[in-house]
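*Asks:* Generate coordinates for the sequence data below:
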Amino acid sequence: MNVSSGINQNITIVTAFFDIGRGDWTEDKGHPEYLHRTTNKYFDYFKNLAQLENSFIIYTSDEFVDEILKIRDGKPTVVISIDIKEKFKFFLNKIETIQKNDDFRKKVSYEQLCNPEYWSPSYVLVNNLKSYFVNDAIKNKLVSTDLVAWIDFGYCRDTKTLNNLMQWNYNFDTSKMHLFTIKKKYQFTEENVLKSILGNVPFIIGGGIVGSVELWPKFYELILASQMELLDRNIVDDDQGVYLLSKLKNPEMIQLNYLGKNNWFAIFKKYRQANSLLDKIKSIIKSW
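*Replies:* Sure thing, here's the model as predicted:
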């Protein structure tokens with residue numbers, strides 16, 4: 001564990017990065033062009049998110065610890081190094097077995113089989129560990145704020161995604177877990193959820209989740225129950241399908257927040273407090 005000192009902010013951000021080999025997902029190896037993303041690209045994206053002065057808790061592997069701390073440049077940051085392939089070996093093997101199962105593959109829409117949730121065990125594992133990481137941070141008393149957010153390491157593709165924020169604050173309802181959608185309506189039935197999982201139909205985004213330190217552990221238990229249910233049915237998906245199933249299982253716990261039609265990257269634009277005078281001054285100085 002590595003810690004850089006600093007003050008705590010109103011929303012603690014938890015994120016993670018593990019190299020799952022995406023830099024090798026190239027067209028010459030039979031992958032769609034949109035899947036290719038190098039480690040350097042992820043870190044370029046993270047440099048945008050890392051500008052926030054909120055407290056960060058970041059899970060990663062040994063080789064990225066120093067680089068992450070360097071990018072955060074003294075802002076309040078805890079970096080935790082783990083070997084996910086060893087720690088979650090059982091689940092990796094289980095996911096891989098299902099992905100290679102002909103019965104499962106026949107259920108998936110043919111045009112979607114090229115997407116990693118249907119063939120990459122590491123991709124599925126990492127995307128399904130988000131609530132685990134947040135719960136782990138809370139359990140180990142690393143969080144000192146009322147609200148905690150999961151934000152994907154590569155969520156901020158450019159600085160515009162932050163919308164000039166220096167510190168992210170918003171009065172989210174602490175009695176709900178907050179997920180974000182790119183469509184207004186969805187009929188939550190078991191049949192529709194299964195169709196979305198097997199057809200890769202986006203509705204809830206995986207890039208951000210917000211909740212209170214009291215509610216996150218309960219949300220983690222709900223997510224884990226959904227994950228285990230899918231595994232028991234010999235089905236796997238990334239986080240979005242699990243969130244749909246979890247909303248179906250416990251609709252009262254989860255509040256859906258609409259970002260705009262296919263607007264994946266609007267969390268910091270739509271859900272933010274007005275900038276403080278200090279934020280405005282810092283933003284002006286930064287633009288010089």
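*Asks:* from here on, contacts and neighbour counts on C-alpha atoms
*Replies:* Fine.
*Asks:* in this protein, which spans are strands?
*Replies:* Listed in chain order, the strands of the chain (DSSP state E) span 2-4, 11-17, 56-60, 77-81, 147-151, 177-181, 208-212, 254-258.
*Asks:* Other residues contacting the third one?
*Replies:* To tie it back to what came earlier, the one meant is strand 56-60. With C-alpha atoms under 8 Å, 6 or more residues apart in numbering as the test, strand 56-60 has contacts from 12-18, 76-82, 133, 137, 142.
*Asks:* redo that, cut-off 10 Å
*Replies:* For strand 56-60, the external contacting residues (C-alpha atoms under 10 Å, 6 or more residues apart in numbering) are 1-4, 8-9, 11-19, 50, 65, 68-69, 72, 75-84, 130, 133-134, 137, 142-143, 148-150, 153.
*Asks:* Could you dump the strands of the chain into TSV with mean pLDDT, distance to residue 25 and mean neighbour count added?
*Replies:* Below are these laid out as TSV (pLDDT from 0 to 100; distance: least, C-alpha to C-alpha, whole Å; neighbours: other C-alpha atoms under 10 Å):
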stretch	mean pLDDT	distance to residue 25	mean neighbour count
strand 2-4	44	31	15
strand 11-17	98	17	24
strand 56-60	98	21	24
strand 77-81	98	25	21
strand 147-151	98	23	23
strand 177-181	98	27	21
strand 208-212	98	24	22
strand 254-258	98	31	18
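*Asks:* Reformat the ones you listed as JSON lines; add distance to residue 46.
*Replies:* Converted to JSON lines, the strands of the chain look like this (distance: least, C-alpha to C-alpha, whole Å):
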{"stretch": "strand 2-4", "distance to residue 46": "17"}
{"stretch": "strand 11-17", "distance to residue 46": "10"}
{"stretch": "strand 56-60", "distance to residue 46": "11"}
{"stretch": "strand 77-81", "distance to residue 46": "14"}
{"stretch": "strand 147-151", "distance to residue 46": "10"}
{"stretch": "strand 177-181", "distance to residue 46": "20"}
{"stretch": "strand 208-212", "distance to residue 46": "14"}
{"stretch": "strand 254-258", "distance to residue 46": "24"}
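*Asks:* quick one: low-confidence ranges for the stretch 151-288 of the chain?
*Replies:* 274-288 (pLDDT under 70).
*Asks:* in stretch 23-35, what's buried?
*Replies:* 25, 35 (16 or more other C-alpha atoms under 10 Å).
*Asks:* Return the distance of it from the chain's centre.
*Replies:* Computed by C-alpha atoms, centre = their mean, to the nearest Å, the chain-centroid distance of stretch 23-35 equals 22 Å.
*Asks:* can I get the CA coordinates of it in CSV?
*Replies:* Presented in CSV, the C-alpha positions along stretch 23-35 are these (Å, rounded to 0.1, in the frame of the first residue of the first chain):
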residue,chain,number,x,y,z
GLY,A,23,-2.8,-3.4,-26.4
ASP,A,24,-2.6,-6.7,-28.4
TRP,A,25,-6.3,-6.6,-29.5
THR,A,26,-5.4,-5.4,-33.0
GLU,A,27,-7.1,-5.7,-36.3
ASP,A,28,-4.3,-7.9,-37.7
LYS,A,29,-5.2,-10.4,-34.9
GLY,A,30,-8.8,-10.5,-35.9
HIS,A,31,-10.2,-7.9,-33.5
PRO,A,32,-12.4,-4.9,-34.3
GLU,A,33,-10.4,-1.7,-34.4
TYR,A,34,-12.5,-0.1,-31.6
LEU,A,35,-11.2,-2.7,-29.1
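*Asks:* just checking, residue 41 touches residue 155?
*Replies:* No - the pair residue 41 and residue 155 fails to qualify as a contact (C-alpha atoms under 10 Å) at a distance of 11.6 Å.
*Asks:* between those two, who's got more neighbours?
*Replies:* Between residue 41 and residue 155, residue 155 has the larger neighbour count (other C-alpha atoms under 10 Å), namely 21 against 14.
*Asks:* Need the single longest helix in this protein, by residues.
*Replies:* Determined from DSSP state H, the single longest helix within the chain is helix 216-232.
*Asks:* Counting by contacts, list what that one packs against.
*Replies:* On a contact count with 3 or more C-alpha pairs under 10 Å, 6 or more residues apart in numbering; DSSP states H and E, helix 216-232 meets helix 89-99, helix 130-139, strand 147-151, strand 177-181, strand 208-212, helix 239-249.
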